[in-house]
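In: Everything below, folded, please.
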Amino acid sequence: MVPLSWYLIVSAALFSIGVFGVLSRRNGVAVLMGIELMLNAVNINLVAFWRYNTTIASVTEPVPSELSGMVFAAFMFVVAAAEVAVGLAIIITVYRNWRSVIPEETDTLRG
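Out: Numbering: from 1, shown residues only. Okay, here's the model as predicted:
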């Protein structure tokens, strides 16, 4: 069995890469990709803690019987899909109005 700390290290690294991507990129699509990496890191944490807690709680039954962690992860996938849909729609609209996908160049709401 893989220890919980390995999942947390991978998740922290993925989250750090996502934060770096959001803060260092000027392209709107790259910023959305960084946000997606951060959401995936949260999903890894949710599933890892769910698996760890249910396995420890039921020593005789190593398979998790509660699905609460999976429900949270599925909800996070829905939120991530909605974020991508809305974010890409905003980026396409900004590109049509300003001919640029750089977020700093869109300082007004008028086209």
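In: So what's the residue count around Val2?
Out: 10 (other CB atoms under 10 Å). Using the backbone N, CA and C atoms, a C-beta is placed for each residue, glycine as well.
In: swap that for Phe75, please
Out: Other residues close to Phe75 by other CB under 10 Å number 12.
In: Could you name the helices and strands sitting against the helix or strand containing it?
Out: Per DSSP states H and E: Phe75 is located in helix 68-98. With contacts taken as 3 or more CB pairs under 8 Å, 6 or more residues apart in numbering; DSSP states H and E, helix 68-98 sits against helix 28-57.
In: I'd guessed Phe49 sits against Gly69; true?
Out: Yes. Using CB atoms under 8 Å, Phe49 is in contact with Gly69, at 6.9 Å.
In: between the two, which one's more packed in?
Out: Gly69 (20 against 15).
In: OK, contacts around the closest residue to the more buried one other than its chain neighbours?
Out: Excluding the flanking residues, the one nearest Gly69 by CB to CB, 6 or more residues apart in numbering is Trp50, at 2.1 Å. By CB atoms under 8 Å, 6 or more residues apart in numbering, the contact list for Trp50 reads Pro64, Glu66, Ser68, Gly69, Met70, Phe72, Ala73.
In: separation between Trp50 and Leu67?
Out: In this view, Trp50 and Leu67 are 9 Å apart by CB to CB, to the nearest Å.
In: Against Ala30, how distant is Ile91?
Out: 11 Å.
In: and Val2, which of the three is it?
Out: When classified by DSSP: H, G, I helix; E, B strand; the rest coil, Val2 comes out as coil.
In: Retrieve the pLDDT associated with it.
Out: You'll see Val2 listed with a pLDDT of 87.
In: Same check on Ser5?
Out: So, for Ser5, pLDDT stands at 94.
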